[in-house]
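Undergrad: Okay, here's the prediction I keep looking at, along with the sequence it came from:
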Amino acid sequence: MKKKKFSYAQNKPFTLDVKPGKYAWCSCGESRKQPFCDGNHEETGMYPVVVTITEEQTVHWCGCKSSENAPFCDGTHQKFIDA
């Protein structure tokens, strides 16, 4: 197992109830408004992933920023240890 690689990421999903709309998921891990983008990616060369949610639901947003199914959790965080 290895340590997480993004400063504001966490080794578990951000589980939130969301309403229909567009969401900008932070892919760089630098946002202080996790799991969503706050614009702190400018120096990282990474960009948010924008998704449209069409119905009210519970979403498991990737917290480790390493999911192969980004922006959604796929369990990849289980490979990391907390810093």
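TA: Received the coordinates, thanks. Numbers count the residues shown, from 1 in each chain.

Undergrad: contacts and neighbour counts: CA atoms only from here.
TA: OK.

Undergrad: Phi, psi for Lys79 please.
TA: phi -80, psi -10 (degrees, to the nearest 10).

Undergrad: how close does it get to Glu55?
TA: 31 Å (C-alpha to C-alpha, to the nearest Å).

Undergrad: When those two are compared, which one has more neighbours?
TA: Lys79 (13 against 10; other C-alpha atoms under 10 Å).

Undergrad: How confident was the prediction at the more buried one?
TA: You'll see Lys79 listed with a pLDDT of 87.

Undergrad: Other residues contacting stretch 10-30?
TA: Outside stretch 10-30, the residues within contact range by C-alpha atoms under 8 Å, 6 or more residues apart in numbering are 4, 6-9, 34-38, 40-41, 44, 46-65, 71, 73, 77-78, 80-82.

Undergrad: Okay, and which of these map to strands?
TA: Val49, Val50, Val51, Thr52, Ile53, Gln57, Thr58, Val59, His60, Trp61, Phe80, Ile81 (DSSP state E).

Undergrad: beta partners for the first one?
TA: When bridges are assigned using DSSP bridges, the partners listed for Val49 are Trp25.

Undergrad: measure it to Phe14 for me?
TA: 15 Å.

Undergrad: The two: who's more crowded?
TA: Neighbour totals were compared for Val49 and Phe14, and Phe14 leads with 19 against 15 (other C-alpha under 10 Å).

Undergrad: Roughly how far does the closest residue to the more buried one other than its chain neighbours sit from Pro20?
TA: The shortest distance from Phe14 to any non-neighbouring residue, by C-alpha to C-alpha, 6 or more residues apart in numbering, is to Trp61 (5.0 Å). Going from Trp61 to Pro20 by C-alpha to C-alpha gives 15 Å.
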